[in-house]
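Undergrad: Dropping a prediction and its sequence here:
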Amino acid sequence: GRRPTRLGADGVGPSAAKAIAAAARDRQRRGWSLRVRATAVEVYAEKCFDLLCDNQEPLVLHDDGLVDGASVHTIGGDDELADLVRRAANARRTATTALNDRSSRSHALVRVELDGDDGQNRLTGSLTLVDLAGSERADRAGTAQPGACDARLREACAINRSLLCLCDVLRALARRGAAPD
């Protein structure tokens, strides 16, 4: 069976969307003017793509983490953010492997930005939800078997390379944080 993902139906994405909608409703009842915007992208085969538009041209990813060209969606109603998260989860690239009938072949990021004011105070914040593709042992997933799809093996290699890079970044950050002043 399919295991739940961070953005999927039983994941943290829908829960976060509901919590953000409830907090926004509460602030608006107290006289706040709020704007909630969201983007959703996936990293697939070491390129970045918009999960919420039909254009499948790679986006420009900068070293500071900003993504040029991703569609920005203004969230109005209570369910709009949850719907956006659901659409993003459903738009991800998946494939069948020996271990999973709907294996994620990409990493997905949903970024929610909120800003508002009540005439006296200003509020800004952001939340980035990340759902990483799982590391994949090609021998167990069947992607290294004779006759297996070459594309699945290339995807597995790209996924594992990107996860290794992320581990290197986290180790470097941990070392930097543990260094004496």
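TA: Sure thing, it's come through.

Undergrad: which stretches of this structure aren't confidently modelled?
TA: Along the chain, the model assigns pLDDT under 70 to residues 1-6, 8-10, 65, 94-104, 134-153, 155-156, 159-160, 162-163, 166, 178-181.

Undergrad: Got phi/psi on the residue most central in space within the chain?
TA: The chain has residue 109 as the residue nearest its centroid, 1.7 Å off, counting by CA atoms, centre = their mean. Backbone torsions for residue 109, taken as degrees, to the nearest 10, come to phi -130, psi 130.

Undergrad: hey, what's residue 48 bridged with?
TA: residue 43, residue 59 (DSSP bridges).

Undergrad: Can you give me the distance of it to residue 28?
TA: From residue 48 across to residue 28, the span is 33 Å (CB to CB, to the nearest Å). For glycine as for every other residue, the C-beta is placed from the backbone atoms N, C-alpha and C.

Undergrad: Looking at those two, which one has more neighbours?
TA: residue 48 (19 against 13; other CB atoms under 10 Å).

Undergrad: got a list of what that one touches?
TA: Taking CB atoms under 8 Å, 6 or more residues apart in numbering, we find residue 48 in contact with 41, 42, 58, 59, 60, 61, 67, 70.

Undergrad: Could you report the neighbour count for the first one?
TA: Okay, so that is residue 41. Using other CB under 10 Å, residue 41 is surrounded by 23 other residues.

Undergrad: Just the strands from the protein, written as ranges.
TA: Using DSSP state E, the strands of the chain run over 33-44, 47-50, 60-61, 67-68, 73-75, 94-95, 103-104, 107-117, 122-131.
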